[in-house]
Every structure is written in C-alpha cells, then in structure tokens.
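> fold the following.
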Amino acid sequence: MSVLANRSRAVKVIVWPAVACSALCVVGCNSRQARVPAPGWDPPLIAARALEQLDADSDITIDPTEAEAVPGIAAAFVRLDADSDGRLSESELQARFAFYEKLRTGLVAQSFRILLNGRPVADAKVDFVPEEFQGGVTEVASGLTDYSGFVVPQTVGQEKPAMQIGFYRVLLYPAAASADKPLETRSPVGVEVSPVNESYEPGGPTLRFETSSYKSPDRRAAFHNSVDFTIFNKGV
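Residues are numbered from 1 along each chain as shown. Sure, this is the predicted structure:
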C-alpha cells in the first residue's frame, strides 16, 4: 500500500464528525481523571412521570401548551415530537430517555449565552435545575456569566465545569438584583442538555430571559467613568 493511501486512512481515523468528537470528549478527554458514571436513567418510569406531570387534560399526550409547565420539555418539543403530530406521546418521551441511557454519558461541557431583555448579561449567577420528573438522577449545575453573557455551568460536587445530560429549568440571578431569589420572568426558561443536539449555535445555545421588573445597569456609563478616573489619576 502506498504512503498516500496510508495517509488517507489516517485522516479518516482522525477527522471525526463534530458530534462524535464532542461525545467522545465527554467520557475521557483527560485520562488522569476518574470517569464520572452516567445517571441511572429508567426510561419507562421517567417518561411515565413526565406524562403524569404534564398531561392536564388526561388525553395521554402532551401538547405545546401543557409542555410550557416544564420549560425544559417545551424548549425541546420539536426534537421530541418524532412523528411531527404536534403532541408528545409517552413512547416519544421514553425513546429520548432510552437514548440517554444508551449514550452512557457522565458529564458534558456545555456553554450558553444568556440574554436579558435582548442584551447579554454579565456577572450573573445562572442555576440549571433538573426537571422534577427526572426523579433526582441529575444534579443542579451553576455558573457565572462573563462580560459577554456566556456561562459554562459546573455540576454540584464536580471539580470542573460540566453538566449531566437531561432537561433543566434555568434560573437567573443578575448581579444588580437580589441574590436570594431568581429573576421573575414573563415565561420560564428551560433547556435540554445533550452531547447530540440537532440544532447548532456558535458558542452554545442562547437562553433568552424577558422581564419588566429589572433594569440593566448602564455599562457604558460605568466604562466612561472608569476611563475619566484613570485619565484624572494620570494627570495628577
């Protein structure tokens, strides 16, 4: 076999699709760290809990309006609706959790961009709270946004930023607001975390919070004040 053929084979091995590479890095990019075990998913039980919690009209399906009660499900509704009939069945929910179980993923590094009233929010605490129907198989993850509104949450009890896969309700605590309770928003915000996601956004999913009870600090004024102060000190 020629050298060129060998190189071609090597490239095929090294250049994996982005999704596959991401999933691989979840389970063992750093060989010095112990592998984090995957959550103990029970697809039939968790799907039944979700249906019981959300099926308000007892028709054994979940429509988009019912899904709004659990923002993590609402955010992923289209992905979960495998037959595109506008409703989620127990079998569709069970299929998603069976997929989680098959992945055997412990943690996945995931970033998000946080927008508050359409603008990036800096220095805000963000809590990712597992949806109740998952039965405690996943833990809360938290993080602080940077100056451009990006956050990489870290799961409770873990040494590095990473999350368990699953459905989460997202709570925002802006720096200028009370640290004791999350910001009240017009509608709850949720997300599905998975190493295999059918939608892609550079830097991670954007989570949009809308509220009329919070006024963002004027960061431009703060910047100009700091510049003026610096110039004044240099002049002295």
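> what's near enough to touch the most centrally placed residue in the chain?
Taking CA atoms, centre = their mean, the centroid of the chain lies closest to Val193, which sits 4.6 Å from it. Contact analysis of Val193 by CB atoms under 8 Å, 6 or more residues apart in numbering lists 108, 110, 128, 163-168. Glycine gets a C-beta too; all of them are placed from N, C-alpha and C.
> ok, now with 7 Å
Neighbour list for Val193: 108, 110, 163, 165-166, 168 [criterion: CB atoms under 7 Å, 6 or more residues apart in numbering].
> before we move on, what about Glu92?
Here Glu92 is in contact with 80-82 (criterion: CB under 7 Å, 6+ apart).
> let's see 8 Å
80-83.
> Leu93: which of those is nearest?
Comparing the contacts of Glu92 against Leu93 with CB to CB places Leu80 closest, at 6.8 Å.
> the closest one against Ser89, yeah?
No - contact criterion CB atoms under 8 Å: Leu80 and Ser89 do not qualify, at 9.5 Å.
> buried ones only from the contacts of Val193, please, as a ChimeraX command.
ChimeraX command restricting these to the buried ones, with burial defined by 16 or more other CB atoms under 10 Å:
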select :108,110,163,165,166,168
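> okay, the contacts of Val193 in CSV with pLDDT next?
Formatted as CSV, the contacts of Val193 follow (pLDDT from 0 to 100):
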residue, pLDDT
Val108, 93
Gln110, 93
Met163, 96
Ile165, 95
Gly166, 96
Tyr168, 97
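> can you redo the contacts of Val193 as JSON lines with secondary structure and distance to Ala50?
Converted to JSON lines, the contacts of Val193 look like this (DSSP: H, G, I helix; E, B strand; the rest coil; distance: CB to CB, whole Å):
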{"residue": "Val108", "secondary structure": "strand", "distance to Ala50": "21"}
{"residue": "Gln110", "secondary structure": "coil", "distance to Ala50": "22"}
{"residue": "Met163", "secondary structure": "strand", "distance to Ala50": "19"}
{"residue": "Ile165", "secondary structure": "coil", "distance to Ala50": "15"}
{"residue": "Gly166", "secondary structure": "strand", "distance to Ala50": "11"}
{"residue": "Tyr168", "secondary structure": "strand", "distance to Ala50": "14"}
